[in-house]
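*Asks:* The following block contains a protein sequence and its predicted model.
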Amino acid sequence: MSARGGRQAGVDRPVQPQRHVVLSVYDLPGAGDPDASGPDVVRRSGRVFAALGTRVLALTGRGGAAALSGLPRGDLTVTVGVGPRLVAAVDGELHGARELPGFAREEMADSARGGDLMVQVCASDPHVATLADDDLRSWLQERSAAPRWSQHGFRPPAPPGGSGERVPVRNLLGFLDGMVAPRTGRELDREVWLPAPARVRGGTVAVVRRLRLDVRRFLAQDTAEQERAIGRRREDGAPLTGGGPDAPMDLGAKSARGRYLIPAMAHARRAHPNGTGSGLMLRRGYSYANGPEDRGLLFICFQRELRTFVATQQRLDDGDELASFATATASGTFLVLPGYTEAHPLGAPLFS
């Protein structure tokens, strides 16, 4: 799928996100040099992003590229984001110019925090995703980009008989993931896509987090305990207040004994926008498995304001039953650049 147009591919899709992702984060040469002037950094970065866009168009376009020669690219998408250090070098007031703060339950090396460039490669065919990421990695390293961290992720097949709409799928804990999200075009325009200023119009703010989950300990609980920690039924994702999976969550509903049906520290309650006072985030979650002791969730979300994620995560830090089973091992935020064409290069509105 092409990046051509006002918005990049790989953020919103009419149906399911592709089943496989490779997400890679890099530093660009000179971006962290304290002796380099801001204008020089901006110019150099602009050239790298413009050339990267041309490479992506070759990978995803009809002509293809050597790395994918003879392979059907199918629904391959490549989504490119720029880190706060480079955005701030252009204008510190722009969306995407602020770093993520630190949060509770983080165990990560410095190399797994932040970064100048995010490349998200998604495809239904895992070979296509891997080969496309390899091609871009080699190309970037030839231009002195330094890899920080990378993660392969996967999603199970969507349930059969879908209606053509986005359907939540199960994570490694066995629960349906991403129940509350903007879905309609109007909701996406309001919650995800940046309308202004012109430098970033058509972009969005991404947050990526690799969360190691203590799967064994969570699944050692009985089903009722698991459901109380999540706030939803394991079988179908319906809220504990009743109804189907899409039923609204009644946060005020109580039992005859006066207890909240959705416990006070349940994840669904703590993360609900009504409690955080923030907007909605469009989540694109993938499971990952690096080994029996390192498996979990590659959490990717898109929103207009970084505050949407920050306010939600801070509320989870204040008290969330599920959080005791999760440890963040990589984290960053990136401005997903507007769409581009051969005539209007990737990043040109930002870096020009």
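*Replies:* In hand now; what should we look at?
*Asks:* how about the helices in the stretch 151-300 of the chain?
*Replies:* Here the stretch 151-300 of the chain has its helices, by DSSP state H, counting those that start in this stretch, at 185-191, 215-219, 223-230, 267-270, 273-276.
*Asks:* OK, contacts around the closest residue to residue 268 other than its chain neighbours?
*Replies:* Distance criterion CB to CB, 6 or more residues apart in numbering; nearest residue to residue 268, sequence neighbours excluded, is residue 231 at 3.0 Å. C-beta here means a position set from N, CA and C on the backbone, and glycine is covered the same way. With contact set as CB atoms under 8 Å, 6 or more residues apart in numbering, residue 231 has these partners: 239-240, 249, 262-263, 266-269.
*Asks:* Flag the shaky bits of the stretch 51-200 of the chain, pLDDT-wise.
*Replies:* Counting by pLDDT under 70, the stretch 51-200 of the chain contains low-confidence residues at 62-64, 159-166, 179.
*Asks:* Spatially, which residue comes closest to residue 334, not counting chain neighbours?
*Replies:* residue 81 (2.9 Å).
*Asks:* one step back: need the winner for burial among the helices of the stretch 151-300 of the chain.
*Replies:* helix 267-270 (a mean of 23; mean count of other CB atoms under 10 Å).
*Asks:* Show me what it is packed up against.
*Replies:* helix 223-230, helix 306-318 (3 or more CB pairs under 8 Å, 6 or more residues apart in numbering; DSSP states H and E).
*Asks:* Export the contacts of residue 231 to TSV and append columns for pLDDT and distance to residue 110.
*Replies:* Shown next, in TSV, are those (pLDDT from 0 to 100; distance: CB to CB, whole Å):
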residue	pLDDT	distance to residue 110
239	94	40
240	95	40
249	88	38
262	94	38
263	94	37
266	96	34
267	95	29
268	91	33
269	92	34
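*Asks:* Distance-wise, check residue 29 relative to residue 142.
*Replies:* 11 Å (CB to CB, to the nearest Å).
*Asks:* who has more neighbours, these two?
*Replies:* residue 29 (17 against 8; other CB atoms under 10 Å).
*Asks:* Regarding the more buried one, what is its secondary structure?
*Replies:* coil (DSSP: H, G, I helix; E, B strand; the rest coil).
*Asks:* I figured it hits residue 140, correct?
*Replies:* No. Look at residue 29 against residue 140 with CB atoms under 8 Å: they stay out of range, at 10.3 Å.
*Asks:* What segments of this structure are strands?
*Replies:* 20-27, 77-82, 117-123, 146-154, 204-213, 282-283, 286-291, 294-303, 326-336 (DSSP state E).
*Asks:* So for the first one, mean pLDDT?
*Replies:* Think strand 20-27. For strand 20-27, mean pLDDT rounds to 98.
*Asks:* residues in contact with it?
*Replies:* 115-126, 129-130, 132-133, 136-137, 140, 145-155, 208, 284, 286, 298, 300, 330, 332.
*Asks:* Send me it as PDB with only the CA atoms.
*Replies:* Extracted in PDB, the C-alpha atoms of strand 20-27 (Å, rounded to 0.1, in the frame of the first residue of the first chain):
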ATOM      1  CA  HIS A  20       3.000  -8.900  11.300                       C
ATOM      2  CA  VAL A  21       5.100  -5.800  12.200                       C
ATOM      3  CA  VAL A  22       8.700  -5.000  12.500                       C
ATOM      4  CA  LEU A  23       9.200  -1.700  14.400                       C
ATOM      5  CA  SER A  24      12.700  -0.300  14.400                       C
ATOM      6  CA  VAL A  25      14.100   2.900  16.000                       C
ATOM      7  CA  TYR A  26      17.300   4.700  15.000                       C
ATOM      8  CA  ASP A  27      19.500   7.700  15.700                       C
END
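*Asks:* So what are the sheet partners of it and their directions?
*Replies:* strand 117-123 (antiparallel), strand 146-154 (antiparallel) (DSSP bridges).
*Asks:* relative to strand 294-303, how tilted is it?
*Replies:* Following axes from the mean of the first three to the mean of the last three CA atoms, to 10 degrees, one obtains 80 degrees for the angle between strand 20-27 and strand 294-303.
*Asks:* what comes up buried for strand 20-27?
*Replies:* Neighbour counts over strand 20-27 (16 or more other CB atoms under 10 Å) mark 20-27 as buried.
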